[in-house]
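Kindly return the folded structure for what I paste below:
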Amino acid sequence: MEILQFALRKLIGGIPLILGVTFISFLLMVYFGPDQTFELLGKNPTADEIAEVRHQLGYDKSFVVRYGEFLKQLVTMDFGLSDSTGEPVSSMLGRTIPVSIALVTPGFILGNLLGVLLALVAAYHRSGWIDKAIMGFAVVGMSVSFLIVIIAFQILLSSSFGLNLFPVRGWNVNSVGDYVMYVTVPTLASVFVALGYNTRFYRAVLVEEMTRDHVRTARAFGISPMKLFYKHILKNALIPIITRVMFSIPLVVVSGSLLIESYFGIPGVGKITFDAITSGDQPVLKAVVSLTAILFVLTLLITDILYRAVDPRVSLK
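Have a look, this model is predicted:
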């Protein structure tokens, strides 16, 4: 009951955030976004043709009316039709979001799990050659451009110049085997880059926890290293770890998939977002921005609940 009440308060408290993000993004798209009028008209349109197209697009309505209609779309999850394809935006999102989730989930999970494991090893051997080797690898992963990593893995694993084991582009998934074939190269590229950032962050958190007084006391009482790391270091470091993992979810689902899907031609939400940016498809952009804001609020809610789950001292108030 306490969790339900907290969740309700958190969702209500997130409404101003959603309204603020949607208002600013809508304002920027209306006054600084591309005008689709002349994209849809041929050469030398007449004044009547221009007026008709602007009426069809809703450009002749006031800002308040247009924003009100946008909020209505947000509540009903009916974002109208895409300016580029004429397809309902809700149908496009319903088709592409599952693809993006299936694409980024393996890399996201592996990147964080391996990051924590490498950070534990590095923290345990702090200042030793193992620690330096792991941190050196992390720096390399952080320094190389994500696009360069994608191209390198594609050449190495998908082209005739390399092993030629996996598809170069596309997403023709009809079985588990197909899924593994298409997701392997994007996942390896994502993990390689994410490991650098994750390992350095998690190592810093763990090393800081290792300097706590209670850890030194436990070590003085002869507690085994494994129990010390698990019970007194890792468990107490879960709050910042959970924070990093949870708050990277909205970024990974949208921004992370945008580059991968655009380069590999994978029909996910990142690909349609990239296409919407290049073509000025405002209905798609407004839908993606709004859903990202909602996802961020839900992430805040789940994060606070997880805080309570790993640390009973955290109050859901």
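
Name the residues of stretch 210-228 that are buried.
Residues of stretch 210-228 classed as buried: 210, 215, 218, 228 (neighbour count, 16 or more other CB atoms under 10 Å). No exception for glycine: its C-beta is placed from N, CA and C like everyone else's.

gap between the second one and R244?
This means V215. Remark: distance between V215 and R244 (CB to CB, to the nearest Å) = 21 Å.

the bottom helix or strand of this structure by mean pLDDT?
Using mean pLDDT, DSSP states H and E, the weakest-scoring helix or strand in the chain turns out to be helix 37-40, at a mean of 70.

Following that helix in sequence, what is the next regular element?
helix 47-57 (DSSP states H and E).

Need the residue closest to the centroid of the protein.
Geometric centre of the chain, nearest residue: V252, 2.0 Å, by CA atoms, centre = their mean.

what's the burial count for I294?
Using other CB atoms under 10 Å, I294 has 19 other residues around it.

helix or strand for it, which one?
Assigned by DSSP H and E, I294 falls in helix 282-310.

Which stretches in the stretch 151-300 of the chain count as helices?
Secondary structure of the stretch 151-300 of the chain by DSSP state H, counting those that start in this stretch: the helices cover 176-210, 213-220, 225-227, 238-247, 249-251, 257-264, 269-279, 282-310.

Now the longest one: buried residues?
For helix 176-210, a neighbour-count test (16+ other CB under 10 Å) marks 181-203, 205-207, 209-210 as buried.

Once you drop chain neighbours, what's closest to P186?
I260 (4.8 Å; CB to CB, 6 or more residues apart in numbering).

so how far is stretch 153-170 off the chain centroid?
Distance of stretch 153-170 from its chain centroid, counting by CA atoms, centre = their mean, to the nearest Å, is 25 Å.

Show me which positions of it end up buried.
Quick answer for stretch 153-170 (16+ other CB under 10 Å): 153-154, 156-158, 166-167.

Please apply the same query to stretch 12-24.
Buried residues in stretch 12-24 (16+ other CB under 10 Å): 14, 18, 21-22.

So which residues make contact with stretch 187-205?
Contact with stretch 187-205 is made by 104, 106-108, 110-112, 114-116, 118-120, 122-123, 134-135, 137-144, 146, 149-150, 153, 157, 237, 240-241, 244, 256, 260, as judged by CB atoms under 8 Å, 6 or more residues apart in numbering.

Put the alpha carbons of that stretch into CSV.
Taking C-alpha atoms only, stretch 187-205 is exported to CSV below (Å, rounded to 0.1, in the frame of the first residue of the first chain):
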residue,chain,number,x,y,z
THR,A,187,25.8,-5.6,-29.2
LEU,A,188,29.5,-6.1,-29.3
ALA,A,189,30.0,-2.5,-30.5
SER,A,190,27.7,-1.2,-27.7
VAL,A,191,29.4,-3.3,-25.0
PHE,A,192,32.9,-2.2,-26.1
VAL,A,193,32.1,1.5,-25.8
ALA,A,194,29.9,1.2,-22.7
LEU,A,195,32.5,-0.9,-20.8
GLY,A,196,34.9,2.0,-20.7
TYR,A,197,32.5,4.5,-19.1
ASN,A,198,30.8,1.9,-16.9
THR,A,199,34.0,0.3,-15.6
ARG,A,200,35.6,3.7,-14.6
PHE,A,201,32.4,4.8,-12.9
TYR,A,202,31.8,1.6,-11.0
ARG,A,203,35.4,1.3,-10.0
ALA,A,204,35.3,4.9,-8.5
VAL,A,205,32.2,4.0,-6.6
